[in-house]
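>>> Quick one: sequence plus predicted model below, questions after.
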Amino acid sequence: MGVKLSDPQRGIYTQYFWNRALTLTIPRVVIVQIWQLGLLNKILQIFVLIYFLNTMVAEHTWAQEETPSNRVNAWIEGGTIANSWAASSSSLATSYPYCSNTAYDFTYSAEFTYTNIHCEPLNAFEIATKLPQTTVLSTVFLDITEEGWDCAAANAAAKASACTSGGGTTATLFGTQCTCTTRQTTYPISTDQMNMAFEHRFSTSATMDNLAGSSSIATDALTTTTVNFNNGSAVVFQPGSAVRLTISDWLKAAETALTLDSRNTEVAADITNSSSYPYFRTTGAVILLDIEYTNIAQGEDGPNVGFNKNVRAIVKPKIEKDWAGLAVKAPIYESLVTGSAGAQTYTKKLRYSQGVVFKFQGSGKVYRFDFNYAVTQLTNAIVLLGLASTLVTFFAKYMWTTRKMVYNKSTERLAVGTRLAEIALKAATHATAFNVLKRDHHSVKAADLAHIFHSAGADLTEDEANGIAAFVIDRVNDDPEDTVEGKTEMNFDEYMRGMEAGAMIRWNQFKKLVTARIQRRTSLLAAKSAVAVKVLPANSTTVADS
(Lines give C-alpha, C1' and ligand atoms only; values in the text may rest on other atoms or scores of the structure.)
Protein backbone atom coordinates (compact mmCIF):
# COMPACT_ATOMS: atom_id res chain seq x y z
CA MET A 1 0.00 0.00 0.00
CA GLY A 2 1.06 3.58 -0.56
CA VAL A 3 2.60 5.76 2.12
CA LYS A 4 0.39 8.50 3.52
CA LEU A 5 2.08 11.91 3.72
CA SER A 6 0.41 12.47 7.06
CA ASP A 7 1.63 9.13 8.42
CA PRO A 8 3.59 10.03 11.61
CA GLN A 9 6.04 7.16 11.02
CA ARG A 10 6.59 7.44 7.24
CA GLY A 11 5.23 10.85 6.25
CA ILE A 12 7.00 13.77 4.61
CA TYR A 13 8.45 14.96 7.93
CA THR A 14 10.15 11.65 8.71
CA GLN A 15 13.58 10.25 8.02
CA TYR A 16 11.89 7.27 6.36
CA PHE A 17 10.45 9.53 3.65
CA TRP A 18 13.59 11.54 2.94
CA ASN A 19 15.84 8.46 2.91
CA ARG A 20 13.81 7.30 -0.07
CA ALA A 21 13.27 10.69 -1.70
CA LEU A 22 16.95 11.73 -1.69
CA THR A 23 19.15 8.83 -2.79
CA LEU A 24 22.71 8.35 -4.07
CA THR A 25 23.36 5.88 -6.89
CA ILE A 26 26.70 4.05 -6.67
CA PRO A 27 27.65 1.56 -9.41
CA ARG A 28 28.53 -1.95 -8.34
CA VAL A 29 32.11 -3.07 -8.87
CA VAL A 30 33.77 -6.39 -9.52
CA ILE A 31 37.09 -6.92 -7.72
CA VAL A 32 39.28 -9.13 -9.95
CA GLN A 33 41.86 -10.88 -7.78
CA ILE A 34 44.48 -11.49 -10.50
CA TRP A 35 47.70 -9.81 -9.46
CA GLN A 36 49.04 -9.36 -12.99
CA LEU A 37 45.99 -7.33 -14.00
CA GLY A 38 46.13 -5.39 -10.75
CA LEU A 39 49.80 -4.56 -11.36
CA LEU A 40 49.07 -3.42 -14.93
CA ASN A 41 46.28 -1.20 -13.63
CA LYS A 42 48.55 0.38 -10.98
CA ILE A 43 51.35 0.98 -13.50
CA LEU A 44 49.00 2.79 -15.88
CA GLN A 45 47.58 4.86 -13.04
CA ILE A 46 51.09 5.79 -11.88
CA PHE A 47 51.97 6.90 -15.43
CA VAL A 48 48.83 9.04 -15.50
CA LEU A 49 49.72 10.62 -12.15
CA ILE A 50 53.30 11.31 -13.28
CA TYR A 51 52.03 12.89 -16.49
CA PHE A 52 49.50 14.98 -14.59
CA LEU A 53 52.00 16.17 -11.98
CA ASN A 54 54.62 16.91 -14.64
CA THR A 55 52.26 19.04 -16.68
CA MET A 56 50.99 20.76 -13.57
CA VAL A 57 54.50 21.67 -12.40
CA ALA A 58 56.58 21.95 -15.58
CA GLU A 59 53.93 23.36 -17.92
CA HIS A 60 51.88 25.19 -15.27
CA THR A 61 48.60 23.71 -16.51
CA TRP A 62 46.96 24.61 -13.20
CA ALA A 63 46.97 28.24 -14.39
CA GLN A 64 45.16 29.80 -17.31
CA GLU A 65 47.57 31.04 -19.95
CA GLU A 66 47.62 33.25 -23.04
CA THR A 67 50.27 34.12 -25.62
CA PRO A 68 50.27 37.93 -26.00
CA SER A 69 50.17 39.58 -29.40
CA ASN A 70 52.96 42.05 -30.10
CA ARG A 71 54.04 44.82 -32.46
CA VAL A 72 57.55 46.11 -33.15
CA ASN A 73 58.84 49.41 -34.50
CA ALA A 74 62.48 49.00 -35.53
CA TRP A 75 64.96 51.29 -37.30
CA ILE A 76 68.63 51.72 -38.20
CA GLU A 77 70.70 54.56 -36.73
CA GLY A 78 74.02 55.92 -37.96
CA GLY A 79 74.86 57.10 -34.47
CA THR A 80 78.09 59.06 -34.24
CA ILE A 81 79.92 57.35 -37.12
CA ALA A 82 79.58 60.45 -39.33
CA ASN A 83 81.60 62.39 -36.72
CA SER A 84 84.33 59.76 -36.81
CA TRP A 85 84.44 60.02 -40.60
CA ALA A 86 84.84 63.78 -40.34
CA ALA A 87 87.63 63.43 -37.77
CA SER A 88 89.58 60.82 -39.77
CA SER A 89 92.37 61.80 -42.16
CA SER A 90 93.16 58.24 -43.28
CA SER A 91 92.02 56.78 -46.59
CA LEU A 92 89.11 54.34 -46.81
CA ALA A 93 91.43 51.48 -47.75
CA THR A 94 93.58 52.18 -44.68
CA SER A 95 90.68 52.60 -42.25
CA TYR A 96 88.59 49.69 -43.50
CA PRO A 97 90.37 46.47 -44.48
CA TYR A 98 87.54 45.28 -46.72
CA CYS A 99 87.87 48.29 -49.06
CA SER A 100 89.74 47.51 -52.32
CA ASN A 101 90.75 44.13 -50.80
CA THR A 102 90.84 41.28 -53.32
CA ALA A 103 90.49 38.80 -50.41
CA TYR A 104 86.82 39.77 -50.41
CA ASP A 105 86.38 38.87 -54.10
CA PHE A 106 83.77 36.15 -54.56
CA THR A 107 82.16 34.55 -57.59
CA TYR A 108 78.86 32.82 -56.99
CA SER A 109 78.01 32.59 -60.68
CA ALA A 110 78.67 34.44 -63.92
CA GLU A 111 75.88 36.84 -63.06
CA PHE A 112 76.72 37.28 -59.36
CA THR A 113 80.39 38.26 -59.28
CA TYR A 114 81.55 40.31 -56.32
CA THR A 115 84.81 41.84 -57.57
CA ASN A 116 86.20 45.31 -58.27
CA ILE A 117 85.50 46.28 -54.64
CA HIS A 118 84.99 49.87 -53.57
CA CYS A 119 83.71 51.51 -50.39
CA GLU A 120 81.30 54.37 -49.83
CA PRO A 121 80.37 56.35 -46.69
CA LEU A 122 76.56 56.10 -46.92
CA ASN A 123 73.98 57.51 -44.55
CA ALA A 124 72.00 54.95 -42.57
CA PHE A 125 68.83 56.15 -44.28
CA GLU A 126 70.30 55.16 -47.66
CA ILE A 127 70.97 51.57 -46.70
CA ALA A 128 68.12 50.79 -44.27
CA THR A 129 64.67 49.51 -45.16
CA LYS A 130 61.65 49.00 -42.90
CA LEU A 131 59.10 46.28 -43.51
CA PRO A 132 56.33 44.88 -41.26
CA GLN A 133 58.03 43.15 -38.29
CA THR A 134 61.31 43.34 -40.30
CA THR A 135 64.20 45.78 -40.70
CA VAL A 136 67.02 45.40 -43.25
CA LEU A 137 70.50 46.92 -43.29
CA SER A 138 72.32 46.53 -46.63
CA THR A 139 76.00 45.65 -46.19
CA VAL A 140 76.97 45.21 -49.86
CA PHE A 141 75.78 46.37 -53.28
CA LEU A 142 76.43 44.64 -56.55
CA ASP A 143 76.41 47.80 -58.75
CA ILE A 144 75.85 47.51 -62.47
CA THR A 145 76.16 50.68 -64.57
CA GLU A 146 74.80 50.45 -68.09
CA GLU A 147 75.36 53.16 -70.72
CA GLY A 148 73.60 53.05 -74.07
CA TRP A 149 74.08 54.93 -77.36
CA ASP A 150 73.17 54.76 -81.02
CA CYS A 151 75.71 52.57 -82.79
CA ALA A 152 75.48 54.94 -85.78
CA ALA A 153 76.32 58.03 -83.72
CA ALA A 154 79.48 59.96 -84.58
CA ASN A 155 81.02 59.30 -81.17
CA ALA A 156 80.08 55.62 -81.04
CA ALA A 157 83.63 54.38 -81.55
CA ALA A 158 85.02 56.74 -78.89
CA LYS A 159 82.41 55.55 -76.38
CA ALA A 160 83.23 51.93 -77.06
CA SER A 161 86.95 52.59 -76.58
CA ALA A 162 86.34 54.45 -73.31
CA CYS A 163 84.17 51.58 -72.08
CA THR A 164 86.86 48.98 -72.72
CA SER A 165 89.61 51.06 -71.16
CA GLY A 166 87.42 51.66 -68.08
CA GLY A 167 86.95 47.93 -67.47
CA GLY A 168 83.51 47.72 -69.02
CA THR A 169 82.04 45.26 -71.47
CA THR A 170 80.52 46.38 -74.77
CA ALA A 171 77.62 44.77 -76.59
CA THR A 172 75.45 45.45 -79.62
CA LEU A 173 71.71 44.77 -79.40
CA PHE A 174 69.52 44.35 -82.51
CA GLY A 175 72.37 45.75 -84.64
CA THR A 176 71.66 49.36 -83.64
CA GLN A 177 71.78 49.63 -79.83
CA CYS A 178 75.29 49.79 -78.35
CA THR A 179 75.81 49.30 -74.60
CA CYS A 180 78.63 49.42 -72.09
CA THR A 181 78.22 47.46 -68.84
CA THR A 182 80.48 48.09 -65.86
CA ARG A 183 80.32 46.00 -62.65
CA GLN A 184 81.45 47.07 -59.21
CA THR A 185 81.04 45.77 -55.66
CA THR A 186 80.31 48.51 -53.13
CA TYR A 187 80.62 48.10 -49.37
CA PRO A 188 78.95 50.83 -47.26
CA ILE A 189 81.51 51.54 -44.55
CA SER A 190 80.95 51.24 -40.79
CA THR A 191 77.72 49.22 -41.10
CA ASP A 192 78.82 47.06 -38.17
CA GLN A 193 79.03 50.19 -35.99
CA MET A 194 75.54 51.37 -36.84
CA ASN A 195 72.70 50.72 -34.40
CA MET A 196 69.60 48.63 -34.83
CA ALA A 197 67.05 49.90 -32.32
CA PHE A 198 63.43 48.99 -31.69
CA GLU A 199 60.45 49.61 -29.47
CA HIS A 200 57.82 46.96 -28.85
CA ARG A 201 54.44 46.53 -27.25
CA PHE A 202 52.23 43.63 -26.22
CA SER A 203 48.52 43.17 -25.58
CA THR A 204 46.22 40.45 -24.26
CA SER A 205 42.50 39.64 -24.42
CA ALA A 206 39.76 40.16 -21.86
CA THR A 207 40.72 36.79 -20.35
CA MET A 208 43.82 38.54 -18.99
CA ASP A 209 41.98 41.79 -18.22
CA ASN A 210 43.27 43.32 -21.51
CA LEU A 211 46.73 43.62 -19.96
CA ALA A 212 49.04 45.62 -22.26
CA GLY A 213 52.31 47.51 -22.20
CA SER A 214 54.98 49.27 -24.27
CA SER A 215 58.75 49.50 -23.89
CA SER A 216 58.54 53.23 -24.58
CA ILE A 217 56.27 53.88 -21.56
CA ALA A 218 57.88 53.73 -18.15
CA THR A 219 54.78 53.26 -16.03
CA ASP A 220 52.68 50.55 -17.69
CA ALA A 221 52.60 46.74 -17.36
CA LEU A 222 55.78 46.11 -19.40
CA THR A 223 58.79 46.35 -17.10
CA THR A 224 62.26 45.43 -18.39
CA THR A 225 63.45 44.10 -21.75
CA THR A 226 66.43 41.75 -21.50
CA VAL A 227 68.59 40.76 -24.49
CA ASN A 228 70.21 37.39 -23.91
CA PHE A 229 73.62 36.82 -25.49
CA ASN A 230 74.81 33.48 -26.81
CA ASN A 231 77.68 33.42 -24.28
CA GLY A 232 75.28 33.58 -21.32
CA SER A 233 75.54 37.30 -20.64
CA ALA A 234 72.63 39.72 -20.97
CA VAL A 235 71.85 43.40 -21.41
CA VAL A 236 68.84 44.79 -19.54
CA PHE A 237 66.90 47.79 -20.87
CA GLN A 238 64.72 49.65 -18.40
CA PRO A 239 61.11 50.61 -19.16
CA GLY A 240 60.67 53.84 -21.09
CA SER A 241 63.69 53.30 -23.35
CA ALA A 242 64.32 51.76 -26.78
CA VAL A 243 66.25 48.53 -27.11
CA ARG A 244 69.46 49.54 -28.88
CA LEU A 245 72.65 47.64 -29.84
CA THR A 246 75.20 47.98 -32.63
CA ILE A 247 75.05 45.56 -35.56
CA SER A 248 78.29 44.07 -34.24
CA ASP A 249 76.71 43.40 -30.85
CA TRP A 250 73.55 41.90 -32.37
CA LEU A 251 75.73 39.44 -34.29
CA LYS A 252 77.60 38.53 -31.10
CA ALA A 253 74.32 38.14 -29.25
CA ALA A 254 73.27 35.56 -31.85
CA GLU A 255 76.65 33.81 -31.95
CA THR A 256 79.75 34.60 -29.92
CA ALA A 257 82.69 35.97 -31.96
CA LEU A 258 80.60 36.33 -35.12
CA THR A 259 81.30 39.50 -37.16
CA LEU A 260 80.55 40.76 -40.65
CA ASP A 261 84.15 39.87 -41.50
CA SER A 262 83.75 36.21 -40.51
CA ARG A 263 83.62 33.64 -43.32
CA ASN A 264 80.17 32.18 -44.01
CA THR A 265 80.92 28.49 -44.51
CA GLU A 266 77.26 27.49 -44.62
CA VAL A 267 76.70 28.74 -48.17
CA ALA A 268 78.21 27.52 -51.44
CA ALA A 269 81.91 28.13 -52.04
CA ASP A 270 83.41 30.26 -54.83
CA ILE A 271 82.90 28.48 -58.18
CA THR A 272 86.48 29.39 -59.10
CA ASN A 273 87.97 28.25 -55.77
CA SER A 274 86.17 25.52 -53.77
CA SER A 275 88.08 26.38 -50.59
CA SER A 276 87.05 30.04 -50.58
CA TYR A 277 83.86 31.12 -48.84
CA PRO A 278 82.31 34.60 -48.79
CA TYR A 279 82.26 36.93 -45.80
CA PHE A 280 79.04 37.73 -43.93
CA ARG A 281 79.56 41.31 -45.15
CA THR A 282 78.86 39.89 -48.62
CA THR A 283 76.21 37.25 -47.95
CA GLY A 284 74.32 39.02 -45.20
CA ALA A 285 72.34 36.94 -42.68
CA VAL A 286 68.95 36.72 -41.00
CA ILE A 287 68.79 37.46 -37.27
CA LEU A 288 65.59 36.20 -35.72
CA LEU A 289 64.64 38.14 -32.60
CA ASP A 290 62.16 36.18 -30.54
CA ILE A 291 60.57 38.48 -27.94
CA GLU A 292 59.25 36.29 -25.14
CA TYR A 293 56.75 37.87 -22.76
CA THR A 294 56.14 36.46 -19.28
CA ASN A 295 54.66 37.53 -15.97
CA ILE A 296 56.70 34.93 -14.07
CA ALA A 297 58.79 36.96 -11.66
CA GLN A 298 62.54 37.09 -12.17
CA GLY A 299 64.18 34.13 -10.44
CA GLU A 300 60.94 32.14 -10.10
CA ASP A 301 60.43 28.75 -11.76
CA GLY A 302 56.73 29.24 -12.39
CA PRO A 303 53.77 31.55 -11.91
CA ASN A 304 52.45 32.31 -8.45
CA VAL A 305 48.85 31.79 -7.40
CA GLY A 306 46.98 34.94 -8.36
CA PHE A 307 47.63 37.33 -11.25
CA ASN A 308 50.98 39.12 -11.57
CA LYS A 309 50.39 42.14 -13.82
CA ASN A 310 54.07 43.00 -14.21
CA VAL A 311 55.26 41.60 -17.54
CA ARG A 312 58.88 41.43 -18.60
CA ALA A 313 60.32 40.69 -22.07
CA ILE A 314 63.28 38.48 -22.96
CA VAL A 315 64.83 38.87 -26.42
CA LYS A 316 66.47 35.69 -27.75
CA PRO A 317 68.51 36.28 -30.94
CA LYS A 318 69.09 33.44 -33.38
CA ILE A 319 70.97 33.58 -36.68
CA GLU A 320 70.23 31.95 -40.03
CA LYS A 321 73.39 31.86 -42.15
CA ASP A 322 71.86 32.08 -45.62
CA TRP A 323 72.13 34.72 -48.31
CA ALA A 324 69.85 37.55 -47.22
CA GLY A 325 68.89 41.02 -48.32
CA LEU A 326 66.50 43.02 -50.47
CA ALA A 327 67.91 42.06 -53.90
CA VAL A 328 67.34 44.57 -56.74
CA LYS A 329 66.19 48.10 -56.19
CA ALA A 330 64.56 50.15 -58.93
CA PRO A 331 67.10 51.37 -61.52
CA ILE A 332 68.52 54.86 -61.15
CA TYR A 333 68.75 56.83 -64.43
CA GLU A 334 71.64 59.30 -64.39
CA SER A 335 70.50 60.81 -67.69
CA LEU A 336 67.16 60.93 -69.46
CA VAL A 337 66.52 58.39 -72.17
CA THR A 338 66.64 59.96 -75.65
CA GLY A 339 66.43 58.54 -79.14
CA SER A 340 64.22 55.98 -80.76
CA ALA A 341 63.72 52.45 -79.49
CA GLY A 342 66.72 50.25 -80.32
CA ALA A 343 69.06 53.21 -80.61
CA GLN A 344 68.65 55.07 -77.34
CA THR A 345 71.09 57.17 -75.37
CA TYR A 346 70.98 56.71 -71.58
CA THR A 347 72.95 55.88 -68.43
CA LYS A 348 71.32 53.83 -65.64
CA LYS A 349 72.52 52.16 -62.45
CA LEU A 350 71.21 48.92 -60.90
CA ARG A 351 71.91 48.04 -57.27
CA TYR A 352 71.52 44.47 -56.02
CA SER A 353 71.91 44.35 -52.25
CA GLN A 354 72.61 41.78 -49.57
CA GLY A 355 72.57 42.56 -45.88
CA VAL A 356 71.52 41.80 -42.32
CA VAL A 357 67.79 41.15 -42.03
CA PHE A 358 66.24 41.53 -38.57
CA LYS A 359 62.98 39.61 -38.18
CA PHE A 360 60.83 39.96 -35.07
CA GLN A 361 58.35 37.54 -33.59
CA GLY A 362 56.45 37.40 -30.31
CA SER A 363 56.11 34.41 -28.00
CA GLY A 364 55.80 33.57 -24.32
CA LYS A 365 52.82 33.25 -22.01
CA VAL A 366 51.01 35.31 -19.41
CA TYR A 367 49.49 33.28 -16.56
CA ARG A 368 46.73 33.78 -14.05
CA PHE A 369 45.14 31.44 -11.53
CA ASP A 370 41.52 30.58 -12.28
CA PHE A 371 39.63 28.25 -9.96
CA ASN A 372 37.32 26.89 -12.66
CA TYR A 373 40.26 26.24 -14.98
CA ALA A 374 42.16 24.42 -12.21
CA VAL A 375 39.10 22.27 -11.47
CA THR A 376 38.87 21.42 -15.18
CA GLN A 377 42.48 20.22 -15.19
CA LEU A 378 41.83 18.11 -12.07
CA THR A 379 38.76 16.63 -13.76
CA ASN A 380 40.87 15.75 -16.79
CA ALA A 381 43.27 13.88 -14.51
CA ILE A 382 40.40 11.91 -12.95
CA VAL A 383 39.13 11.04 -16.44
CA LEU A 384 42.59 9.81 -17.44
CA LEU A 385 42.75 7.63 -14.32
CA GLY A 386 39.40 6.16 -15.30
CA LEU A 387 40.69 5.60 -18.82
CA ALA A 388 43.59 3.56 -17.41
CA SER A 389 41.13 1.29 -15.61
CA THR A 390 38.98 1.07 -18.74
CA LEU A 391 41.95 -0.11 -20.80
CA VAL A 392 42.86 -2.77 -18.24
CA THR A 393 39.21 -3.87 -18.04
CA PHE A 394 39.08 -4.28 -21.83
CA PHE A 395 42.31 -6.26 -21.75
CA ALA A 396 40.99 -8.49 -18.95
CA LYS A 397 37.62 -9.14 -20.62
CA TYR A 398 38.82 -9.76 -24.16
CA MET A 399 42.54 -10.64 -24.14
CA TRP A 400 43.51 -12.21 -20.79
CA THR A 401 43.87 -16.01 -20.53
CA THR A 402 40.82 -16.32 -18.25
CA ARG A 403 38.88 -13.65 -20.17
CA LYS A 404 35.69 -15.75 -20.38
CA MET A 405 35.42 -16.01 -16.61
CA VAL A 406 36.16 -12.31 -16.16
CA TYR A 407 33.64 -11.40 -18.85
CA ASN A 408 30.98 -13.64 -17.36
CA LYS A 409 31.42 -12.18 -13.86
CA SER A 410 31.60 -8.54 -14.91
CA THR A 411 28.83 -8.58 -17.53
CA GLU A 412 25.17 -8.98 -16.69
CA ARG A 413 22.58 -9.42 -19.40
CA LEU A 414 18.94 -8.55 -18.89
CA ALA A 415 16.21 -10.38 -20.76
CA VAL A 416 12.73 -9.85 -19.30
CA GLY A 417 11.66 -13.46 -19.73
CA THR A 418 14.86 -14.81 -18.20
CA ARG A 419 14.58 -12.38 -15.30
CA LEU A 420 10.99 -13.42 -14.62
CA ALA A 421 12.06 -17.07 -14.61
CA GLU A 422 14.84 -16.20 -12.15
CA ILE A 423 12.35 -14.45 -9.88
CA ALA A 424 10.06 -17.50 -10.02
CA LEU A 425 12.90 -19.83 -8.99
CA LYS A 426 13.89 -17.48 -6.17
CA ALA A 427 10.26 -17.31 -5.12
CA ALA A 428 10.12 -21.09 -4.89
CA THR A 429 13.26 -21.12 -2.74
CA HIS A 430 12.01 -18.28 -0.55
CA ALA A 431 8.60 -19.99 -0.23
CA THR A 432 10.28 -23.04 1.32
CA ALA A 433 11.98 -20.89 3.93
CA PHE A 434 8.82 -18.81 4.46
CA ASN A 435 6.80 -21.92 5.24
CA VAL A 436 9.32 -22.90 7.91
CA LEU A 437 9.27 -19.44 9.47
CA LYS A 438 5.53 -18.80 9.57
CA ARG A 439 4.77 -22.02 11.40
CA ASP A 440 0.97 -22.13 11.88
CA HIS A 441 0.10 -18.71 10.45
CA HIS A 442 -0.54 -17.23 7.01
CA SER A 443 2.30 -14.76 7.58
CA VAL A 444 5.54 -14.48 9.53
CA LYS A 445 5.19 -12.79 12.88
CA ALA A 446 7.84 -11.22 15.06
CA ALA A 447 7.40 -14.08 17.50
CA ASP A 448 8.23 -16.57 14.69
CA LEU A 449 11.55 -14.87 14.02
CA ALA A 450 12.36 -14.66 17.74
CA HIS A 451 11.57 -18.37 18.04
CA ILE A 452 14.00 -19.19 15.17
CA PHE A 453 16.73 -17.16 16.85
CA HIS A 454 16.27 -19.11 20.09
CA SER A 455 16.01 -22.49 18.29
CA ALA A 456 19.30 -21.79 16.48
CA GLY A 457 21.00 -21.02 19.80
CA ALA A 458 21.78 -17.43 18.83
CA ASP A 459 23.58 -15.43 21.50
CA LEU A 460 20.62 -13.16 22.12
CA THR A 461 18.53 -12.32 25.12
CA GLU A 462 14.78 -12.53 24.79
CA ASP A 463 14.50 -8.75 24.56
CA GLU A 464 17.24 -8.61 21.92
CA ALA A 465 15.62 -11.38 19.88
CA ASN A 466 12.22 -9.69 20.06
CA GLY A 467 13.76 -6.31 19.20
CA ILE A 468 15.55 -7.65 16.15
CA ALA A 469 12.42 -9.47 15.00
CA ALA A 470 10.33 -6.30 15.36
CA PHE A 471 12.99 -4.28 13.49
CA VAL A 472 12.98 -6.72 10.57
CA ILE A 473 9.17 -6.67 10.36
CA ASP A 474 9.19 -2.86 10.42
CA ARG A 475 11.80 -2.48 7.65
CA VAL A 476 10.21 -4.83 5.13
CA ASN A 477 6.57 -4.06 5.92
CA ASP A 478 4.58 -1.66 3.76
CA ASP A 479 1.23 -1.94 5.57
CA PRO A 480 -0.20 1.13 7.33
CA GLU A 481 1.31 1.68 10.76
CA ASP A 482 -2.12 1.89 12.37
CA THR A 483 -2.84 -1.81 11.58
CA VAL A 484 -1.81 -4.76 13.71
CA GLU A 485 -0.29 -6.47 10.66
CA GLY A 486 1.84 -3.43 9.86
CA LYS A 487 3.52 -3.70 13.26
CA THR A 488 3.92 -7.42 13.81
CA GLU A 489 3.62 -9.38 10.52
CA MET A 490 5.06 -9.74 7.04
CA ASN A 491 3.41 -11.59 4.19
CA PHE A 492 5.15 -13.57 1.45
CA ASP A 493 5.53 -10.54 -0.87
CA GLU A 494 7.19 -8.53 1.90
CA TYR A 495 9.38 -11.46 2.86
CA MET A 496 10.66 -11.83 -0.73
CA ARG A 497 11.43 -8.13 -0.99
CA GLY A 498 13.26 -8.27 2.33
CA MET A 499 15.36 -11.23 1.19
CA GLU A 500 16.30 -9.34 -2.01
CA ALA A 501 17.07 -6.10 -0.11
CA GLY A 502 14.27 -4.27 -1.93
CA ALA A 503 15.61 -5.18 -5.39
CA MET A 504 12.69 -7.53 -6.13
CA ILE A 505 9.54 -6.31 -7.88
CA ARG A 506 6.31 -6.77 -5.97
CA TRP A 507 4.66 -10.19 -6.12
CA ASN A 508 1.46 -8.86 -7.68
CA GLN A 509 3.44 -7.05 -10.39
CA PHE A 510 5.42 -10.22 -11.05
CA LYS A 511 2.19 -12.20 -11.52
CA LYS A 512 0.84 -9.64 -14.00
CA LEU A 513 4.02 -9.67 -16.08
CA VAL A 514 4.19 -13.45 -16.18
CA THR A 515 0.50 -13.74 -17.07
CA ALA A 516 0.90 -11.23 -19.89
CA ARG A 517 3.87 -13.08 -21.38
CA ILE A 518 2.04 -16.42 -21.16
CA GLN A 519 -0.96 -14.96 -22.97
CA ARG A 520 1.24 -13.36 -25.64
CA ARG A 521 3.13 -16.61 -26.17
CA THR A 522 -0.16 -18.55 -26.45
CA SER A 523 -1.45 -16.05 -29.03
CA LEU A 524 1.72 -16.38 -31.12
CA LEU A 525 1.54 -20.18 -31.08
CA ALA A 526 -2.11 -20.06 -32.14
CA ALA A 527 -1.29 -17.64 -34.97
CA LYS A 528 1.51 -19.88 -36.26
CA SER A 529 -0.84 -22.93 -36.21
CA ALA A 530 -3.47 -21.00 -38.19
CA VAL A 531 -0.90 -19.99 -40.82
CA ALA A 532 0.26 -23.62 -41.13
CA VAL A 533 -3.30 -24.80 -41.78
CA LYS A 534 -3.86 -22.11 -44.44
CA VAL A 535 -0.88 -23.16 -46.54
CA LEU A 536 -1.87 -26.88 -46.76
CA PRO A 537 -2.82 -28.10 -50.31
CA ALA A 538 -6.54 -28.34 -51.12
CA ASN A 539 -6.53 -32.16 -51.10
CA SER A 540 -4.55 -32.47 -47.86
CA THR A 541 -6.10 -33.83 -44.70
CA THR A 542 -5.15 -33.36 -41.09
CA VAL A 543 -4.47 -36.17 -38.64
CA ALA A 544 -7.80 -35.47 -37.01
CA ASP A 545 -9.55 -35.85 -40.37
CA SER A 546 -7.98 -39.24 -40.92
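Perfect, I can see it now.
>>> Distance-wise, check Ala162 relative to Met399.
Remark: distance between Ala162 and Met399 (CB to CB, to the nearest Å) = 92 Å. In short, each C-beta sits where N, CA and C put it, glycine included.
>>> now swap in Phe471 and tell me
Counting by CB to CB, the gap from Phe471 to Met399 is 48 Å.
>>> repeat for Leu245
Distance of Leu245 to Met399, given as CB to CB: 63 Å.
>>> Looking at these two, which is more packed in?
Leu245 (20 against 8; other CB atoms under 10 Å).
>>> Let me know whether that one touches Val227 as I believe.
Yes - between Leu245 and Val227 there is a contact at 6.8 Å, judged by CB atoms under 8 Å.
>>> what touches both of the two?
235, 253 (CB atoms under 8 Å, 6 or more residues apart in numbering).
>>> any idea which helix or strand comes after the least confident helix or strand in the chain by mean pLDDT?
In the chain, the helix or strand scored least confidently by mean pLDDT, DSSP states H and E is helix 484-488, which has a mean of 63. Sequence-wise, the next helix or strand downstream of helix 484-488 (DSSP states H and E) is strand 489-490.
>>> what comes into contact with that next one?
With CB under 8 Å, 6+ apart, strand 489-490 has contacts from 441, 443-446, 472-473, 476-477, 479, 498.
>>> In strands, which of the residues you listed appear?
444-445 (DSSP state E).
>>> Can you tell me which of the contacts of strand 489-490 are buried?
Among the contacts of strand 489-490, those buried by neighbour count (16 or more other CB atoms under 10 Å) are 443-446, 472-473, 476-477, 479, 498.
>>> the longest strand in this structure is where?
strand 345-369.
>>> and it, which strands flank it?
strand 63-66 (antiparallel), strand 134-150 (antiparallel), strand 285-294 (parallel), strand 327-328 (antiparallel), strand 332-338 (antiparallel) (DSSP bridges).
>>> mind listing what's buried in the helix or strand following it?
Sequence-wise, the next helix or strand downstream of strand 345-369 (DSSP H and E) is helix 371-398. Neighbour counts using 16+ other CB under 10 Å place 373-374, 381, 384, 388, 392-393, 396-397 of helix 371-398 among the buried residues.
>>> what's the answer for stretch 171-180, then?
177-180.
>>> Closest one to Ala212 out of the residues you listed, please.
Nearest to Ala212 out of those is Thr179 (CB to CB; 57.3 Å).
>>> Do I have it right that that closest one meets Gly168?
No - assessed by CB under 8 Å, Thr179 is found out of contact with Gly168, at 9.2 Å.
>>> Find residues that contact each of the two.
Shared contacts of Thr179 and Gly168, counting by CB under 8 Å, 6+ apart, come down to Glu147.
>>> still on that earlier bit, of the buried ones among the contacts of strand 489-490, the lowest pLDDT goes to which?
Lowest pLDDT among the buried ones among the contacts of strand 489-490: Asp479, with 62.
>>> Below-threshold pLDDT in the stretch 401-546 of the chain: ranges please.
478-487, 531-546 (pLDDT under 70).
>>> switch the cut-off to 80
The stretch 401-546 of the chain contains residues with pLDDT under 80 at 439-441, 477-488, 501-504, 524-546.
>>> ranges for the helices of it?
403-410, 416-438, 446-455, 462-476, 484-488, 492-499, 507-534 (DSSP state H, counting those that start in this stretch).
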